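> Show me the folded form of this:
(chains A, B, C and D)
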Protein chains: 2
Amino acid sequence: MVTIYDIAKLAKVSPMTVSRVINNTGNTSEAIRNKVNNAIDELGYIPNSSARSLTLKESKLLTLLISDIANPFFTKLARGAEDKARELGYQLMLCNTDEDIEKEKVYINTIISTGADGVLFSPANNSSSKHIKLFNKYQIPFVLVDRDLPDVKVDKVLGDNYSGTKMLLNHLFELGHKNIALINGPKDVYTAMMRKESYKEVHNLLGLSINEKLMFEINYNRNNDAENVVKQLLNLPKDERPTALFASNSSIAIDMIKALHALNVSVPDEISVVCFDDLDPDSAINPFLTVVMQPAYDFGYIGTQMLIDRIKNNSLSKKPREVVLKPEFLLRSSTKPIVIS
Amino acid sequence: MVTIYDIAKLAKVSPMTVSRVINNTGNTSEAIRNKVNNAIDELGYIPNSSARSLTLKESKLLTLLISDIANPFFTKLARGAEDKARELGYQLMLCNTDEDIEKEKVYINTIISTGADGVLFSPANNSSSKHIKLFNKYQIPFVLVDRDLPDVKVDKVLGDNYSGTKMLLNHLFELGHKNIALINGPKDVYTAMMRKESYKEVHNLLGLSINEKLMFEINYNRNNDAENVVKQLLNLPKDERPTALFASNSSIAIDMIKALHALNVSVPDEISVVCFDDLDPDSAINPFLTVVMQPAYDFGYIGTQMLIDRIKNNSLSKKPREVVLKPEFLLRSSTKPIVIS
DNA sequence: CTGTTAGCGCGTTCAC
DNA sequence: GTGAACGCGCTAACAG
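From the prediction side, this is the model:
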């Protein structure tokens, strides 16, 4: 391992001078700077960031703590975060909680232990609030992305769940659907909560009744309950049976469609399906699901910008900002007008 | 920030004893252990891993250095790597080079600087060989995944590019296709190189001639050249014009299909398309592309196991192991028998 | 079984 | 404009 001492020796200066040259701090003569830089090149010196973190209490390391790396929404968010981080001279580390609050806890410990300068955080569920105390205790700034947490006052980048839900429902209404099942994520996850509220509100505003039997809560990722849900829905008496499904995210939509196919129910001929978030990368060649697409990349890009702002002018006093990103409706072929039989 | 000194004071022992309790190293009496643990809980102590790395020269941090996080192949690989890393008490950090050799260089510096214990590495291209000197110099073990590098003798997890290519081509041959265009990745990337060689070999073994005009090299990710390639192919005289495309990865396949669609060429009615690697997550509901699917998750899972093996018994002397993972052929609907007109 | 000392690589503080 | 001493938080090596 090459240290500043090695290069100090080679350049015949003190380690301190080397440090100054590396960090452009204090004054150094041109001649010395050249000597030092040559030595650095010759020895292939790479600074030890552990040592640096220890004295500086800063690591130039950001962490993206998300709940499902297999979900294209989060993958795109990650790309956005990474791009902005690089732009601003930070390194991004990715942690995947798998929607698991325990994993999340472990990760947060590691994050603090590692000395990240900030965290871009999409909490597993509302219980994540507990974990936040740690961030506060260790004074590490974080920005909430996609999923809000009650009573947590920090910078946030959120989606507009109401307008997204409304677009999806209105589309279905226009096609004549009345019995629209809501296959939602867990009720203690912000986005699921919001989408359910919006679902109810949109119905209420239109004077439409809501059938509780059409509302389900399952996991946001990897679902084995999908088939169960479908069976329950299909067993409903004809006048209650849904003609359309509103899946709360794309992962659920996929699982539902698979379950429907397994039972020989055709989409969209017999049941229409819509959901939040798009299905990259291949939706490009095979556009099927009608969705509202959220600007996932921007969630990461903007969130990271806000995070670094916080880190730099650590005016934690400054009032938290909240950015709301609008979704876009994409009409494709998983929806069809209702068939009157 | 809480340090071992704080908890030493509270527990009325020496910092060293605290360290021993935390790490289960040396003997400590039950009574003391309890006192210390209570203090730890009370103060919410979290070890500072920078300090630890400094003395221990080990960070329990692994880095996955890949070239395209938007590619589902690498996403799944990442999940496998992460699972194994967690299993074995390591943390995984993800770096995305975007197929860019310069970004890769910067990342490798950061990786060394951060003090990762090992690297799971899928190089951008053959020039990456230069970067490897740094790993050697800093004695940080790495395992090559998916992409090999000439003359680099380390543990590897590679795909079986020959058999994958053969399955794809044989399938097309059986459907009657003879003019099969190869839309390949860059020639200095291992997988692209291997697939091209295999393409030639399979043709040769069957005594089929190869038309150089049907072979293209474009980027593995985000392609603007796709449309150009398609135009060139379609402008070929009828007897040379391809009736099928062999895309070297799924990203290229998508771009090609988009370009074909843009020109109103139907897949598979007019041109069949196949490629390496599957298109999760939604291929589940919308199976379209005929592919050979590689066990991406296993690339990460096995590679990480090998990496940690190396780290633990750093018997760098031990002969490098090479694991070759077989792909699986998935027949779907992007291919069709050739139409004699 | 427990405590003391020293040092990991670096940057801040204060001299020169 | 340059250098020496100290300390960041932790643990290895040695005492006791």
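> For chain A, just list every one of the helices.
A:4-11, A:15-23, A:30-43, A:49-56, A:72-87, A:101-114, A:129-137, A:161-174, A:190-205, A:226-234, A:250-262, A:296-312 (DSSP state H).
> Tell me which of these lies nearest to A:Ile285.
A:Ile285 lies closest, by Cβ to Cβ, to one member of the helices of chain A: helix A:72-87, at 14.5 Å. Glycine gets a C-beta too; all of them are placed from N, C-alpha and C.
> Return the residues of the stretch 51-200 of chain A in contact with chain B.
Contact residues (Cβ under 8 Å from any Cβ of the partner chain) of the stretch 51-200 of chain A with chain B: A:51, A:53-54, A:59, A:61, A:69-72, A:75-76, A:78-79, A:82, A:86, A:91-96, A:103, A:109-110, A:112-115, A:134, A:137-138.
> which among these are in contact with DNA strand D?
With Cβ under 7 Å from any atom of the strand as the criterion, those include A:51, A:54 near DNA strand D.
> Can you select the buried ones from the residues of the stretch 51-200 of chain A next to chain B in PyMOL?
Applied in PyMOL, the following selects the buried portion of these according to 16 or more other Cβ atoms under 10 Å in any protein chain shown:
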select buried, chain A and resi 51+53+54+59+61+69+70+71+72+75+76+78+79+82+86+91+92+93+94+95+96+103+110+112+113+114+115+134+138
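> Can you lay out the helices of chain A as CSV showing mean pLDDT and distance to A:Cys275?
CSV is the format used below for the helices of chain A (pLDDT from 0 to 100; distance: least, Cβ to Cβ, whole Å):
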stretch, mean pLDDT, distance to A:Cys275
helix A:4-11, 93, 55
helix A:15-23, 92, 50
helix A:30-43, 92, 53
helix A:49-56, 93, 42
helix A:72-87, 93, 11
helix A:101-114, 92, 24
helix A:129-137, 92, 27
helix A:161-174, 98, 8
helix A:190-205, 98, 10
helix A:226-234, 95, 13
helix A:250-262, 93, 4
helix A:296-312, 96, 14
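> Can you add distance to B:Asp309 and give those back as JSON lines?
Output for the helices of chain A, formatted as JSON lines (distance: least, Cβ to Cβ, whole Å):
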{"stretch": "helix A:4-11", "distance to B:Asp309": "31"}
{"stretch": "helix A:15-23", "distance to B:Asp309": "36"}
{"stretch": "helix A:30-43", "distance to B:Asp309": "31"}
{"stretch": "helix A:49-56", "distance to B:Asp309": "24"}
{"stretch": "helix A:72-87", "distance to B:Asp309": "29"}
{"stretch": "helix A:101-114", "distance to B:Asp309": "22"}
{"stretch": "helix A:129-137", "distance to B:Asp309": "33"}
{"stretch": "helix A:161-174", "distance to B:Asp309": "46"}
{"stretch": "helix A:190-205", "distance to B:Asp309": "41"}
{"stretch": "helix A:226-234", "distance to B:Asp309": "38"}
{"stretch": "helix A:250-262", "distance to B:Asp309": "34"}
{"stretch": "helix A:296-312", "distance to B:Asp309": "34"}
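> For B:Val145, which of those is the nearest?
When those are compared (using Cβ to Cβ), the closest one is helix A:72-87, at 18.6 Å.
> Run the chain-centre distance for the closest one.
9 Å (Cα atoms, centre = their mean, to the nearest Å).
> And for stretch A:98-114?
Put simply, stretch A:98-114 sits 15 Å off its chain's centre (Cα atoms, centre = their mean).
> DNA strand C contacts on chain A?
Going by Cβ under 7 Å from any atom of the strand, the residues of chain A near DNA strand C are A:1, A:3-5, A:15-16, A:19, A:22-23, A:25, A:47-48, A:51-52, A:54-56.
> Mind checking which of those are buried?
The buried subset of the residues of chain A next to DNA strand C - by 16+ other Cβ under 10 Å - is A:3-4, A:19, A:22, A:47-48, A:51-52, A:54.
> Quick check: the farthest pair among these?
It's A:Ile22 and A:Leu54 that sit farthest apart of those, by Cβ to Cβ, at 16.1 Å.
> The residue of the stretch 151-300 of chain A found nearest DNA strand D: neighbour count?
The minimum distance from the stretch 151-300 of chain A to DNA strand D, using Cβ to the nearest atom of the strand, falls at A:Val154 (24.3 Å). Using other Cβ atoms under 10 Å in any protein chain shown, A:Val154 has 21 neighbouring residues.
> Identify the residue spatially nearest to it, adjacent ones excluded.
Spatial nearest neighbour of A:Val154, excluding adjacent residues (Cβ to Cβ, 6 or more residues apart in numbering or on different chains): A:Pro320 at 5.3 Å.
> Domain-wise, how is chain A divided?
Domain assignment for chain A by automatic domain parsing gives A:4-43, A:57-158+A:296-326, A:161-294.
> And A:Asp298, how close does it get to A:Pro141?
According to Cβ to Cβ, to the nearest Å, A:Asp298 and A:Pro141 sit 20 Å apart.
> between those two, which one's more packed in?
A:Pro141 (22 against 15).
> Please tell me how far that one sits from chain B.
15 Å (Cβ to the nearest Cβ, to the nearest Å).
> Just list the residues touching that residue, thanks.
Residues counted as contacts of A:Pro141 (Cβ atoms under 8 Å, 6 or more residues apart in numbering or on different chains) are A:117-119, A:135, A:154, A:307, A:310-311, A:314, A:316.
> In TSV: those, plus distance to A:Thr290.
As requested, the contacts of A:Pro141 are exported to TSV (distance: Cβ to Cβ, whole Å):
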residue	distance to A:Thr290
A:Asp117	41
A:Gly118	37
A:Val119	34
A:Phe135	38
A:Val154	34
A:Leu307	34
A:Arg310	38
A:Ile311	40
A:Asn314	44
A:Leu316	43
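> Neighbour-wise, which one of those residues leads?
In terms of neighbour count, A:Leu307 stands highest of those at 30 neighbours, by other Cβ under 10 Å.
> Contacts only, for it.
A:Leu307 sits next to A:62, A:118-120, A:141-143, A:155 when contact means Cβ under 8 Å, 6+ apart.
> What separation is there between whichever residue of the stretch 101-250 of chain A sits closest to DNA strand C and A:Leu54?
Nearest residue of the stretch 101-250 of chain A to DNA strand C, counting by Cβ to the nearest atom of the strand: A:Gly115, 12.4 Å away. Taking Cβ to Cβ as the measure, A:Gly115 falls 9 Å from A:Leu54.
> cool, A:Asp309 as well?
Distance from A:Asp309 to A:Leu54, by Cβ to Cβ: 25 Å.
> Could I get the contacting residues of A:Cys275?
Contact partners of A:Cys275, counting by Cβ under 8 Å, 6+ apart, are A:168, A:246-250, A:252-253, A:289, A:291.
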